[in-house]
Every structure is written in C-alpha cells, then in structure tokens.
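J.: Got a predicted structure here, sequence first:
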Amino acid sequence: MTVIGLDDTDSREQGMCTTYAATLVADAIRKAGWRVERRLLVRLNPAVKHKTRGNAALALHTNAPPEAAMDLASSVVDRLAVSDDPRTSPGVVVADGDPATVPGSIRRFAREGVRDFHTTDRAVELAESAGYRHRGWCGGRGRIGALAAVGAWAAFDEWTYEHISYREFDRCGTPRNVDDDSVFAAAEAAYPDAWDTVDTEEDQAVCVPNAPGPILYGIRGDDADAVRRVAEGIESESTERTALFLTNQGTDAHLRTGALDAVEDGRAYRLDGRVYDAPETRTGGHVFVTLADGRGGTLPCVAFEPTKRFRDRVRALRSGDRLTVCGEVSGGTLKLEKFAVRELNRVEAVVPDCPACGRRMESAGRNQGYRCRDCRTRKPGKVDRHVERDLEVGWYEVPPCARRHVAKPLVRGGFDGPIHPER
C-alpha cells in the first residue's frame, strides 16, 4: 500500500481547504485506475502559531504506486495551493508500505504532532531516513503535517468520522445557502451518533463554516452511516462532491497529564487541583479562576466570552472545590475546554446567630469571638453553614459553538464521572 500525506495548501484569508485538495487527489487516483482504501483527517497541535486554520493534515491510503501517487498529489497542489499567502507552505510526503507498520520514529512523530511542536528539518530528516518521497512548496513546512498524517494510522487508536459536502468551487467566497431548519431536524434525528452539528442553545448550525473555502458543511460523529444520513437530510445549494474521513477529532488526543507548576505554553493538559479563590469576570466577559495543588503551585484558568453559557459553570465554582481541568496553556493561563467537579465545598464559615434570640452576633473584639449585646451570650468563633450549590459532581464542557476540533464531547462517553453534556 502507498500512503500520501499532504498539508498546508489553504489560507486563512483566501480560503481553499486541504481536505478538498486531498479529495481531488483521491479522484485523480481513481480516474487513473487505482483505489483509495481510506482517508484520514488528522488534527494536529491546535496551539501551533503558523497554522492556517484548523491545523489539519490529510492522508490517503491507496494501491497506487508511490511514484504515480507523488505525481498526482503534486499536480493538485501545484494547481490549488494558495501560494501567495506567506503563511501557506504546502508539503507532500509519500510512503511505500502498510500504514499500520510505519517505523517507530514516524509513529512517535505523529503522536507528538498533536501535543508538541516539530520543525521542517526534522520532518525532512525522518522522511528521508525512512525512504519516503517528499516535496515542499514555498519552504515546504507542510511536510511536518504530511509526515504526521503518514504516521497517524499507527499512532492513534481512537477514530471518529466526518462527512464533508463541498460546494460548487466557483461559489467559494459567497454566502452559503443552507436551510437551518433542515440542519436542526437532521441533527436531532441522528444525535448522539452524530454530534456537534448544531448548538441548540445558541440556535447555531455549527457544521456550516464561516471561512471562504469550499466546504459547505461537515458532519461529525461516531457512526459513518449516521453522518451520511445527516448530510443527506440537509437542504442547501448544490454540492460538487462529498467525502468521508476517519479523523482524530473529538478524541482529546491533544491532552497530556501534568502538574500545575510544570505546564508549558503551547501544550494542552489534564490537571487536578482545588479552586484557590472566587471566580472573577473581567473586561470582555471572560471569567478567570485560579487552581491550586496544595503544594504551593497555582495556575490561572479562563473561560473566554465565546464559550457562552459555560462561563456560568465557572462562575458557580467556590474556593475549595476539587476539580480536574482540561485545556491549552497560553501565556501561563489554561484556556478551559472542560472540567470535572470531583468534590464540592458545601460549607462556609459565617458569623453565628444568638441561640437565645436568633439575631446575628457581633464581634467581641480581636480574637475574642462573638457576642449578643442583648442576651450576653457568646461564641468562640465563626460556625459552618451548609451552602446550596448550582453545580453537581461530574464533567462540564464548552458548548458546541466553542468546541475545538480535537476536544472530546461529553456525549461520546468514556469519562470517569457523571457527564453534563451541552448540545
């Protein structure tokens, strides 16, 4: 088998889409008389600064000979890549052999590609040591993602699906014509096998992108038939072509375990700690809360305004709550994607009431406790009072409109506690 990896043909401002380029390569392979056995859409580290948009790399598994595969892929990139965008730097890597048995160095490169950073030089070195063909345009930084895509089938165990419908190419850059009512109806019928199609609270069809590229809509889920059914149920402008991808989207493949006092910018973590102080809403509607590990380590966390109602979950936290938090660290702050309440602080220390008359007692002086002036009763200090909480133990997440591609929705299950999914 031959594996074609490609990446970085698109542009933030001018559109295009590497999934579309990969789909055209697959069409060219079939027209030449060969087969495409599998298509992979691999999301890499979302913190990479030079990413064009979603930091996705693509792989095609085919029986086409490696030399022909390189020629066909290069022809498509030559024709479609947005080469006049300085951020766009396409790359193609072609490997000969079973994608499940790539060298360990390639598998590790793919695994690290979603959690860490690589250089073009390292990608080229590994590709050449493995005997892979490769080609770069405009510096060829896309060979990093292309090589990671080549190794992805061996690197990742968990895969989901995305069905992408592409619009007529000459309509790119114009407003999309998609009937929202049909999207919501199709999404409801397929949930939870297909997820993150819509955001019911924000009344938003999140499957329809805003970028000026060729994607009309993309349907994600755990079942290939379910995502196809949703796509078939959507009423819209005409589609030029469709493609079904296996993907690491919705798997939390980017998260690593760590300690609060040892995190690094540009990496995503799953961390444990206790709420250190009361949440604070700052300018712009962003909600900040600090986590502590009990050993002197602290880490500020934030729920940004685009996470909408998720911020209310963060505002409901209290000092002493024990949490597990997930998200990317940037500028020394963790950007919350989800969190689990492990233990709620349900008590607070309050000034006692007089046991005789029921009135609130007053301070008797520094370190002298409290007293009731009328009844002359005394108490040595504050007392604990039960607090009703708006949160329950379990996992909470950002809504679909704010979800990162690679972040795992709670509705997919497999979490170590009760879940409170957003939809």
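T.: Done, it's in.
J.: Got the domain ranges for this structure?
T.: Listed domain ranges for the chain are 2-155, 160-247, 255-346+388-420, 347-386 (source: automatic domain parsing).
J.: Residue 406: helix or strand, and which one exactly?
T.: Using DSSP states H and E, no element contains residue 406; it sits outside every helix and strand.
J.: Residue 37 is in what secondary structure piece?
T.: Residue 37 belongs to strand 36-43, assigned by DSSP H and E.
J.: just to revisit the earlier point, ranking the domains of the chain by burial, who's on top?
T.: domain 2-155 (a mean of 21; mean count of other C-beta atoms under 10 Å). Backbone N, C-alpha and C define where each C-beta goes, glycine included.
J.: Now do it, average pLDDT.
T.: Averaged across domain 2-155, pLDDT comes to 91.
J.: With stretch 319-334 instead?
T.: Taken as a whole, stretch 319-334 has an average pLDDT of 97.
J.: now residue 337, what's its secondary structure?
T.: Three-state call for residue 337 (DSSP: H, G, I helix; E, B strand; the rest coil): strand.
J.: circling back: next structured bit after the strand holding residue 37?
T.: Next along from strand 36-43, by DSSP H and E: strand 56-62.
J.: other SSEs contacting the helix or strand that that following strand is followed by?
T.: Per DSSP H and E, strand 56-62 leads on to helix 66-80 as the next helix or strand towards the C-terminus. For helix 66-80, the packing partners by 3 or more C-beta pairs under 8 Å, 6 or more residues apart in numbering; DSSP states H and E come out as strand 2-7, helix 18-31, strand 91-96, strand 133-136.
J.: Redo these as a markdown table? Include distance to residue 261.
T.: Formatted as a markdown table, those follow (distance: least, C-beta to C-beta, whole Å):
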| stretch | distance to residue 261 |
| --- | --- |
| strand 2-7 | 35 |
| helix 18-31 | 38 |
| strand 91-96 | 37 |
| strand 133-136 | 39 |
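J.: and the strand holding residue 37, C-alpha only, in PDB?
T.: Coordinates of the C-alpha atoms in strand 36-43 are reproduced here as PDB (Å, rounded to 0.1, in the frame of the first residue of the first chain):
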ATOM      1  CA  VAL A  36      -8.300   4.700  -2.300                       C
ATOM      2  CA  GLU A  37      -8.900   2.500   0.700                       C
ATOM      3  CA  ARG A  38      -9.000   5.100   3.400                       C
ATOM      4  CA  ARG A  39      -9.000   8.900   4.000                       C
ATOM      5  CA  LEU A  40      -7.700  10.400   7.200                       C
ATOM      6  CA  LEU A  41      -8.200  13.900   8.600                       C
ATOM      7  CA  VAL A  42      -5.700  14.400  11.300                       C
ATOM      8  CA  ARG A  43      -5.900  17.400  13.700                       C
END
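J.: Pairing partners for that strand, with directions?
T.: Note on strand 36-43: by DSSP bridges, its sheet partners are strand 56-62 (antiparallel), strand 239-247 (parallel).
J.: Return the distance of the shortest one from the chain's centre.
T.: So the one you mean is strand 56-62. Put simply, strand 56-62 sits 19 Å off its chain's centre (C-alpha atoms, centre = their mean, to the nearest Å).
J.: same thing with the last one?
T.: If you compare the mean C-alpha spot of strand 239-247 with that of the full chain, they lie 20 Å apart, counting by C-alpha atoms, centre = their mean.
J.: Report the mean per-residue pLDDT for it.
T.: Mean predicted confidence for strand 239-247 is 97.
J.: Same question for stretch 277-292.
T.: 96.
J.: Identify the residues contacting it?
T.: 260, 271, 273-276, 298-305, 311, 314-315, 317-319, 323, 325, 333-334 (C-beta atoms under 8 Å, 6 or more residues apart in numbering).
J.: Kindly reformat the strands paired with strand 36-43 as TSV and extend each row with distance to residue 355.
T.: Converted to TSV, the strands paired with strand 36-43 look like this (distance: least, C-beta to C-beta, whole Å):
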stretch	distance to residue 355
strand 56-62	66
strand 239-247	64
